[in-house]
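Peer 1: sequence and predicted structure, then a few things I'm wondering about:
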Amino acid sequence: MSTAIAGGSVPTAESSLSTPIRYALLGHPNTGRTTLFNRLCGLRTRTANYPGTTSSIRLGVCSVGDQRFSLVDLPGTYALDLEQPESRICRGYIENGRAGRDKPDAVLIVADGCNIGRSLVFVREVLATGRPAVVALNKTDIAKRRGIVVDVGKLSRVLGCPVVEVSGRTGEGADRLVETLSSPRPSSLPPASRSEMIAWARQTADTCVHEAAGALGDGAARGEGVTDRLDAVLTHPIGGVVVFCGVMTGLFMTIFSLAALPMDLIQWVFGHVGGWVAAVLPAGAIQDLVANGLIAGIAGTLVFLPQICLLFFLISLLEDSGYLARAALVADRLLRRFGLPGHAFVPLLSAHACAIPAMMSARLIPDPRDRLATILVAPFMSCSARLPVYVLLIGFLFVGRPVAAGLAFAGCYALGAAAAVFTALLVRRTIVRGRSAAMVIELPRYQVPSLRTAAMVTIDRGLDFVRTAGTVIVAICVVLWWLGAYPITDPPQQAVEWRAEAVAVVAVDPQRALELESRADVAESREALSQSFMGRIGHFVQPVFEPLGYDWRLSIGILTSFAAREVFVSTMLVISSGAKDTADTPLLDRIRTMRRDDGTPVFTTSSAAGLLVFYVLAMQCLPTLVVTRREAGGWRWAALQLVYMSGLAYVAALATRVGVQAMGFA
Amino acid sequence: MPRIVAHPSDTGPSDTILTLSELAVGVPATLHRALLPDNDVAYLAALGLYQECRLCVRRHGCACIVEVDSVRVAMAGAVARRILVKPVADGGGTG
């Protein structure tokens, strides 16, 4: 038996094991829709991109007895008929599902139990689509505290569909809601104009909702007073900026400090796993692939997870508390003049930790043009992976001058930020044109944030990253490993001699033998890298970098660090090692004193300064490009980002080198 | 931007039309008209800021914060200057 509905039928309990009833979950932003979704589905969720957009929807499953329900958490929207992406997605999904698939059997409309009048306009609009519906009056725990009493039976009769009171935060009423999901009903309310719906909603609210006399009084007034006082500080032109800076500083200090330990742990674990695999598997291509390709690739993906999870956990807490909307308001005044909205501040600031979670957090930005512009400029902000390169090169440039070195550090960060805002202006006036909507934003009530919701969001985002970006990143790391490891070449003559000498002296001087073996290892590594496909590419592209003063070694360093910027330092260590005259030299000095084939130094003041500027501005991060493709909606944006940033870095590095030489430095 | 409307009235506050940015904090008013593109007007209406709705300004600062139906909506000054409101005499709530 099925209930006839527009565009399909609701599977009944008898058929539910094979075909769960598919619900579209709809509601205004800030009605607790996602909290309710998490409450109903728990961890049985996954995130999917809505076809043709960069907006994500979440899919979940809940059940009562043998009856299963599939829930699709659509983006929050204030109305179905708005010309906004969220509105279009909700409209499209109700009508056609996802690109013609997965059409919803029914709709679950989440209404704000504390503000039923406004929610009823939206409820009426959705009911007029003819879909069978269930209405969830959410936040009823707060509504009851405020003395708001709803005649649910009467409201259900007026709407023509079931109405259930529920609290997503406490779980009260959740079981009853799930039971009710098995019997959605289409409403007979006809479509109406917005003004008619508003009038109807007010009348309906007047007849079905009662506010207990006196209950609204003191508590509500106290709440308003607290909200007013908090808003007075948090949205103050100066005080708001001070608090905002404090909160953001705390946020990123927390991320930096708390993420360091698990990041180190991940690297340690995978380092040991790689070592164990290398010891267990017979030497050869398979061992090398697993130990240095696959495991290194997985480690290279998972190492980002602590930062990503912490960032989303803390952002979720801030959002749930009601502060994030106020922060966006404060930042809007600063960023709007550069063509970016206030919402862009969190992604841009978090890009100082890592561009990948930063670009993922750009989903907070409602306007798709603003979101795209933010994604395109976020990698200019100096991320933590650039630090080893900054340390190395600034150390070369300002030996024994800590103040100058500190200023140079600050200058690198300032240069990255300046490039980001300049590029944002350029992007918004050229390829991502169009008027940005002036900021109009609902300020949600202040409340104690839900740890449960934050944890669910964190798990969801983390898994989403591992599933989508992670798989591509691992694949690309394997390709880069292959380019760096093949073809296998004969060891250099010097390494052969060292090994022979080691064999000869091992009986009388084991320490010396070990040292010789070690030298032979690094010499072989250097030769293997030089002769590898990557090395050959380095030689091939070296003429491109010649104007910047880079030889083939630095060219290889730039190419290999395309996987991750910090790889530059380890690559240069490998390349600089092995020669007899450098084996006893401290590591960083070994790089600094490297010589070209003609005997001149690789690192001069001008080439090092140019290289520093290059690393501030260049898109030297393949995982970031993968995430750009996913978040911006296509490889063309990733390609544009790569070409623009690399081009700008090249020109700026060249200008720096010429400028430094003009000042009389080598 | 030219000042849109401001009619000091002899007949009482309900005949006065101000921009939202001019409305004093705490003074109840009804939304008279929004001089904005249709899409923006529709968005404001969906947020609860429709014609004749009752509202009051909670704060002028970084942005204009308006309360309507117990919901707070913040908007940039550029938007607040294009929304015309009529102060109401009874001093009732915003609901």
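Peer 2: Noted; the coordinates are in hand.

Peer 1: and the average pLDDT for the longest helix seen in chain A is what?
Peer 2: For chain A, the helix with the greatest residue count under DSSP state H is helix A:239-280. Mean pLDDT, computed over helix A:239-280, is 83.

Peer 1: what's the first helix or strand after it?
Peer 2: helix A:285-288 (DSSP states H and E).

Peer 1: tell me the buried residues in that next one?
Peer 2: A:Asp288 (16 or more other Cβ atoms under 10 Å in any protein chain shown). C-beta coordinates here come from the backbone N, C-alpha and C atoms, glycine included.

Peer 1: now A:Phe69: phi and psi?
Peer 2: Torsion angles at A:Phe69 (phi, psi; degrees, to the nearest 10) stand at phi -130, psi 140.

Peer 1: touching, it and A:Val178? I think so.
Peer 2: Yes. Counting by Cβ atoms under 8 Å, A:Val178 is a contact partner of A:Phe69 at 7.1 Å.

Peer 1: mind listing the shared neighbours of the two?
Peer 2: Common contact partners of A:Phe69 and A:Val178 (Cβ atoms under 8 Å, 6 or more residues apart in numbering or on different chains): A:62-63.

Peer 1: which ones are touching the residue in chain B positioned nearest to chain A?
Peer 2: Nearest residue of chain B to chain A, counting by Cβ to the nearest Cβ: B:Ala46, 3.5 Å away. By Cβ under 8 Å, 6+ apart, the contact set of B:Ala46 is A:78-79, A:82, A:121-122.

Peer 1: go again with 10 Å.
Peer 2: A:28, A:77-82, A:84, A:87, A:118, A:121-122, A:125, A:194 (Cβ atoms under 10 Å, 6 or more residues apart in numbering or on different chains).

Peer 1: residues near the residue in the stretch 551-666 of chain A that chain B sits nearest to, how many?
Peer 2: For the stretch 551-666 of chain A and chain B, the shortest gap (Cβ to the nearest Cβ) falls at A:Gly633, measuring 22.4 Å. By other Cβ atoms under 10 Å in any protein chain shown, the residues close to A:Gly633 number 18.

Peer 1: in what helix or strand does the closest residue in space to A:Asn38 that isn't next to it in sequence lie?
Peer 2: Once flanking residues are discounted, A:Asn38 sits nearest to A:Met456: 4.4 Å by Cβ to Cβ, 6 or more residues apart in numbering or on different chains. If you go by DSSP H and E, A:Met456 is part of helix A:451-465.

Peer 1: got the CA coordinates for the strand or helix carrying the residue of chain B closest to chain A in CSV?
Peer 2: Per DSSP H and E, B:Ala46 falls inside helix B:38-47. What follows is helix B:38-47, C-alpha atoms only, in CSV (Å, rounded to 0.1, in the frame of the first residue of the first chain):
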residue,chain,number,x,y,z
ASP,B,38,13.5,43.2,-6.0
ASN,B,39,15.8,40.3,-5.0
ASP,B,40,16.9,42.1,-1.9
VAL,B,41,13.4,43.1,-1.0
ALA,B,42,12.3,39.5,-1.3
TYR,B,43,15.3,38.4,0.9
LEU,B,44,14.4,41.0,3.5
ALA,B,45,10.8,39.9,3.5
ALA,B,46,11.9,36.3,4.0
LEU,B,47,13.9,37.4,6.9
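
Peer 1: list the contacts for the residue of the stretch 451-600 of chain A at minimum distance from chain B?
Peer 2: Of all residues in the stretch 451-600 of chain A, A:Thr453 sits closest to chain B, at 20.8 Å by Cβ to the nearest Cβ. Neighbouring residues of A:Thr453 by Cβ under 10 Å, 6+ apart: A:32, A:34-39, A:168-169, A:316-317, A:319-320.

Peer 1: need the residues you listed in TSV with neighbour count, pLDDT and secondary structure, can you?
Peer 2: Listed next are the contacts of A:Thr453 as TSV, based on neighbours: other Cβ atoms under 10 Å in any protein chain shown; pLDDT from 0 to 100; DSSP: H, G, I helix; E, B strand; the rest coil:
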residue	neighbour count	pLDDT	secondary structure
A:Gly32	28	86	coil
A:Thr34	24	84	helix
A:Thr35	21	86	helix
A:Leu36	28	90	helix
A:Phe37	26	90	helix
A:Asn38	24	87	helix
A:Arg39	26	89	helix
A:Gly168	28	89	coil
A:Arg169	20	87	coil
A:Ser316	22	85	helix
A:Leu317	19	90	helix
A:Glu319	22	85	helix
A:Asp320	22	87	helix
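
Peer 1: nearest to chain B, of those?
Peer 2: Closest to chain B, out of all of these and judged by Cβ to the nearest Cβ, is A:Gly32, at 14.0 Å.

Peer 1: low-confidence stretches in chain B?
Peer 2: B:1-14, B:90-95 (pLDDT under 70).

Peer 1: let me see the ranges of the strands in it.
Peer 2: Ranges of strands in chain B, per DSSP state E, are B:18-19, B:28-34, B:54-60, B:64-68, B:71-75, B:83-87.

Peer 1: next: chain A.
Peer 2: Going by DSSP E, chain A shows strands at A:3-5, A:8-10, A:21-27, A:45-49, A:56-64, A:67-73, A:106-112, A:132-138, A:148-150, A:163-165, A:185-186, A:209-211, A:440-443.

Peer 1: right, I'll call it a day here.
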